[in-house]
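Visitor: fold the following for me, if possible:
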Amino acid sequence: MVLAISAGGGAAALAALFAYLVSKRRDDVRQKFGRRQTDTVILFRNGVVIDHSPDAPHLFDRSGLHGASWQDIRTHLMPGFPKIPADPPDVETTWASPLLNDAHLHVVPSGRNLRVTLSCPCNGPALLFRAAVQEADHQLLRQICDNAPYPIWQTEDGTLTWTNETFEALKHDTGAVGEGACPFEHVMPIKRSDQTDRVSLTTRDGDVLWYEVISRPVGTSWLHYAISINNLVDAEMAQRKFVQTLTKTFAHLPIGLAVFDRDRRLVLFNPALVDLTHLPVDFLSAKPNLLSFFDHMRESRMMPEPKNYNTWREKIYDVVSAAREDRYAETWNLPSGLTYKITGRPHPDGAVAFLIEDISAEISLTRRFRSELEMTQSVLDRFDDAVAVFSRLGVLTFTNAAYRERWNCDPDSAFAEITIVDATKDWSSGCLPSPIWSEIREFVLTLRERACWDAELVTTEGEHLHCAVEPVSSGATMVRFSHVARAPTALKINEAAARD
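Guide: Reported below is the predicted structural model:
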């Protein structure tokens, strides 16, 4: 007797029964390799069992079958005889078992009575021993399935045919009523291939449980495995809330934000990005990849047109690499006249964020300020007087052409800042001794309120100079040297304006 054990418990029960039948008739075998037929009989009346042969209870792991219904018997016989109908047949019928050659189930109705006969051949102790070994294997597999930490069940044409204990416990927790009730509501696969679904259940206490259900075809049936993913769903919810919080936070920022994940898909952007790039919201919401994002910006003329389009895509990858190392920053001068500052920043798990800032106003102000400085410089360079301006800290910040020529000084080419101390040393070396140098230094560095004053100097070459010291805005000081056509008879220091 050869028996194949399926995932259902009934197949193994059949094996146990067949082994029992063989052992029961073993003493009656006359020849060593003889062949006998053994039968197990179950009698029904009015739909319930009223009598059976002594060996029948072994098939159902119970002491007796009295009172059992057709459905009870059918459930245990289904693995060995899958064509058994849900209701008892009205005519005499015989089914062959695909699990055991020459095993048959014969049903004979007679009025209110129904006779069910299970017959199989007896082929000797070799097959008896094999059936016993298979039964031990089945018990081990059953223990493995029942002790699995996740629900496992089997279906045939959408009907529940077998479950493990974890499934039954979950069924009780969710309040699923009925022997064939299944707490998991998921669409059965159309094709005979593996399918994975995400399913949520609600317990009697109102708790929501999330499972990933893996369905695999086995023969004509399906095996289903449900793996708890509560922690994963909680993490996804936390991440979604975090992203929503970030989105609300960045919604009012004037700087455009675009965050790409490790797969280079856009996962987060703010309204400022839409305003600055003029990209459609539906395009951004579709999570485009990095290349598509910059392609659309190029097509919208919101980034400089690349000189060589073939190498432009390679440059994009260089941009990503630089951004991941926190060293990417560029200024884009757009055809529209706008100026954007693009900065790349690395994020955890390989993500990259790009910040797009409109600095057109800042650039315009800088250019205007630079233009005004250049104009002021040009005007002062026309003066014959030598002019120098020192900051509140005593650093030389401005000179005109006459100053640079008179004192042979070029601050722009100096490696270090020129201070009032350095300047007065140069002045004193080119003039006859005078007490005003220390007074000029003190005047430049003082923080109290100041007034204009002047003095007259004589250079080492005998030229007479008029020196005027005046406070200007922001605590700065202007020192001006003018040529005196007629030298006075004596050197005088005029501090009337300063010491009134």
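
Visitor: what about residue 171, how many residues close to it?
Guide: Residue 171 has 21 neighbouring residues, counting by other CB atoms under 10 Å. The C-beta positions use only the backbone N, C-alpha and C, and glycine is treated the same way.

Visitor: where's it relative to residue 240, distance?
Guide: Distance of residue 171 to residue 240, given as CB to CB, to the nearest Å: 31 Å.

Visitor: over to residue 55?
Guide: For residue 55, the distance to residue 240 - CB to CB - is 61 Å.

Visitor: between these two, who's got more neighbours?
Guide: residue 55 (17 against 10).

Visitor: for that one, give me the pLDDT.
Guide: You'll see residue 55 listed with a pLDDT of 83.

Visitor: my guess is it contacts residue 41. True?
Guide: No - counting by CB atoms under 8 Å, residue 55 stays clear of residue 41, with 9.4 Å between them.

Visitor: quick check: which element contains the closest residue to residue 214 other than its chain neighbours?
Guide: Closest residue to residue 214 apart from its sequence neighbours, by CB to CB, 6 or more residues apart in numbering: residue 225 at 4.7 Å. Element membership for residue 225, per DSSP states H and E: strand 221-228.

Visitor: can you list the strands that that strand pairs with?
Guide: strand 152-156 (antiparallel), strand 208-218 (antiparallel) (DSSP bridges).

Visitor: run the chain-centre distance for the last one.
Guide: Pointing back at strand 208-218 there. Centroid separation for strand 208-218 versus its chain: 23 Å, with CA atoms, centre = their mean, to the nearest Å.

Visitor: repeat for stretch 395-406
Guide: 59 Å.

Visitor: which parts of the stretch 151-300 of the chain are helices?
Guide: Here the stretch 151-300 of the chain has its helices, by DSSP state H, counting those that start in this stretch, at 165-174, 230-250, 271-277, 281-285, 290-299.

Visitor: which elements pack onto the second one?
Guide: Using 3 or more CB pairs under 8 Å, 6 or more residues apart in numbering; DSSP states H and E as the contact definition, the elements that helix 230-250 packs against are strand 208-218, strand 266-269.

Visitor: figure out which of the ones you listed is closest to residue 473.
Guide: Ranking those by proximity to residue 473 (CB to CB) places strand 266-269 first, at 44.3 Å.

Visitor: now that closest one: mean pLDDT?
Guide: Strand 266-269 comes out at a mean pLDDT of 89.

Visitor: residues making contact with it?
Guide: 243, 246-247, 250, 256-261, 284, 287-290, 293, 351 (CB atoms under 8 Å, 6 or more residues apart in numbering).

Visitor: try it again with 10 Å
Guide: Applying CB atoms under 10 Å, 6 or more residues apart in numbering, the contact partners of strand 266-269 are 239, 243-244, 246-247, 250, 256-261, 273, 277, 279, 281, 283-290, 292-293, 347, 351, 353-354.

Visitor: follow-up on the earlier one: so for residue 478, which of the helices and strands packed on helix 230-250 sits nearest?
Guide: It's strand 266-269; of the helices and strands packed on helix 230-250, that one is closest to residue 478 (CB to CB) at 51.5 Å.

Visitor: just the buried residues of that closest one, please?
Guide: 266, 268, 269 (16 or more other CB atoms under 10 Å).

Visitor: of the helices and strands packed on helix 230-250, flag the one that's most buried.
Guide: strand 266-269 (a mean of 20; mean count of other CB atoms under 10 Å).

Visitor: within the sheet, what are the partner strands of that one, with directions?
Guide: Partners of strand 266-269, by DSSP bridges, with direction: strand 256-260 (antiparallel).

Visitor: just to revisit the earlier point, which neighbours do residue 55 and residue 41 share?
Guide: Joint contacts of residue 55 and residue 41 (CB under 10 Å, 6+ apart) are residue 118.

Visitor: show me the shaky parts of the stretch 251-400 of the chain.
Guide: Along the stretch 251-400 of the chain, segments meeting pLDDT under 70 span 307-310, 313, 323, 326.

Visitor: where's residue 172 relative to residue 155, distance?
Guide: 19 Å.

Visitor: who has more neighbours out of those two?
Guide: residue 155 (18 against 12).

Visitor: list the contacts of the more buried one.
Guide: Residue 155 sits next to 161, 162, 163, 180, 182, 188, 215, 221, 222, 223, 224 when contact means CB under 10 Å, 6+ apart.

Visitor: now swap in residue 443 and tell me
Guide: Each residue near residue 443 by CB under 10 Å, 6+ apart is listed here: 390, 420, 436, 450-453, 469-471, 477, 479, 498.

Visitor: wait, which of the residues you listed is closest to residue 396?
Guide: Checking the contacts of residue 443 against residue 396 with CB to CB, the nearest one is residue 390 at 5.8 Å.

Visitor: and that closest one, bridged to which residues?
Guide: Beta-bridge partners of residue 390, as defined by DSSP bridges: residue 396, residue 477.

Visitor: chain neighbours aside, what residue packs nearest to residue 253?
Guide: That would be residue 272: by CB to CB, 6+ apart, it lies 5.8 Å from residue 253.

Visitor: residue 247 versus the one you found, what's the distance?
Guide: 12 Å.

Visitor: okay, now the unreliable bits of the stretch 1-150 of the chain?
Guide: In the stretch 1-150 of the chain (pLDDT under 70), the answer is 1-38, 61, 122-133.

Visitor: which parts of it are helices?
Guide: 9-24, 70-77, 125-146.

Visitor: what's the answer for the stretch 401-500 of the chain, then?
Guide: Under DSSP H, counting those that start in this stretch, the stretch 401-500 of the chain gives helices at 401-406, 420-429, 436-445.

Visitor: thank you, goodbye.
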